[in-house]
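**Student:** here's a sequence, model it:
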Amino acid sequence: MKEILAAIQNPDTTAADYAALELPESYRAVTLHKDEEQMFAGLDSRDKDPRKSLHLDEIALPELGPGEALVAVMASAVNYNTVWSSIYEPVSTFGFLERYGRLSPLTKRHDLPYHVLGSDLAGVVLRTGAGVNAWKPGDEVVAHCLSVE
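**Tutor:** All right, here's what the predicted structure looks like:
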């Protein structure tokens, strides 16, 4: 991770330099666990405490698929999507991820026993998958929650 941060902080780092960076096998993420999605059943919304459902886990770095980009997240925040997801309201995200996972072998990768939280970010592209032409390694990007793909 230190090498990635050093590359991002160096204004002379080229796209080729980013593409040559060794990527970690895993990353730290805030997650929800599928086996806990009923933990707040029967409680009023105001009594659901997100601190009880959030976990800090080490997650395997996923393989990039077509049309995807791997971004080193430099800034993100808690927003309403994070809060709703963490209290499983208005619905659990796991149902959506299960349905999405049935669409294709590529989307199946999203049907997991955990959900990495986060829908808004600013960061730097490290890698791009097949068919990604609008961005390249080293591009600074902002992503938002209005698009799944």
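**Student:** rest of the way, CA atoms for contacts and neighbours
**Tutor:** Noted.
**Student:** show the pLDDT at the spatially most distant residue from the centre of the chain.
**Tutor:** Most distant residue from the mean C-alpha position of the chain: residue 42, 29.1 Å away (C-alpha atoms, centre = their mean). On pLDDT, residue 42 comes in at 95.
**Student:** looks to me like it is in a helix.
**Tutor:** No: according to DSSP: H, G, I helix; E, B strand; the rest coil, residue 42 belongs to no helix; its state is coil.
**Student:** that one and residue 48, how far apart?
**Tutor:** Going from residue 42 to residue 48 by C-alpha to C-alpha, to the nearest Å gives 10 Å.
**Student:** swap in residue 1?
**Tutor:** According to C-alpha to C-alpha, residue 1 stands 35 Å off from residue 48.
**Student:** next: residue 100.
**Tutor:** For residue 100, the distance to residue 48 - C-alpha to C-alpha - is 27 Å.
**Student:** how about residue 90?
**Tutor:** Applying C-alpha to C-alpha, the value for residue 90 to residue 48 is 12 Å.
**Student:** which one of the two has more residues nearby?
**Tutor:** Taking neighbours as other C-alpha atoms under 10 Å, residue 90 and residue 48 compare with residue 48 leading, 18 against 9.
**Student:** next up, the contacts around that one.
**Tutor:** Contacts for residue 48 (C-alpha atoms under 8 Å, 6 or more residues apart in numbering) come out as 40, 87.
**Student:** got the contact list for the helix or strand hosting residue 27?
**Tutor:** In this assignment (DSSP states H and E), residue 27 forms part of strand 26-33. Strand 26-33 has contacts (C-alpha under 8 Å, 6+ apart) with 53-61, 86, 113-117.
**Student:** ranges for the strands of the chain?
**Tutor:** 26-33, 55-60, 69-76, 114-116, 121-128, 140-143 (DSSP state E).
**Student:** mind putting these in a markdown table, mean neighbour count and distance to residue 6 included?
**Tutor:** Converted to a markdown table, the strands of the chain look like this (neighbours: other C-alpha atoms under 10 Å; distance: least, C-alpha to C-alpha, whole Å):
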| stretch | mean neighbour count | distance to residue 6 |
| --- | --- | --- |
| strand 26-33 | 16 | 17 |
| strand 55-60 | 14 | 22 |
| strand 69-76 | 16 | 12 |
| strand 114-116 | 18 | 25 |
| strand 121-128 | 21 | 12 |
| strand 140-143 | 15 | 15 |
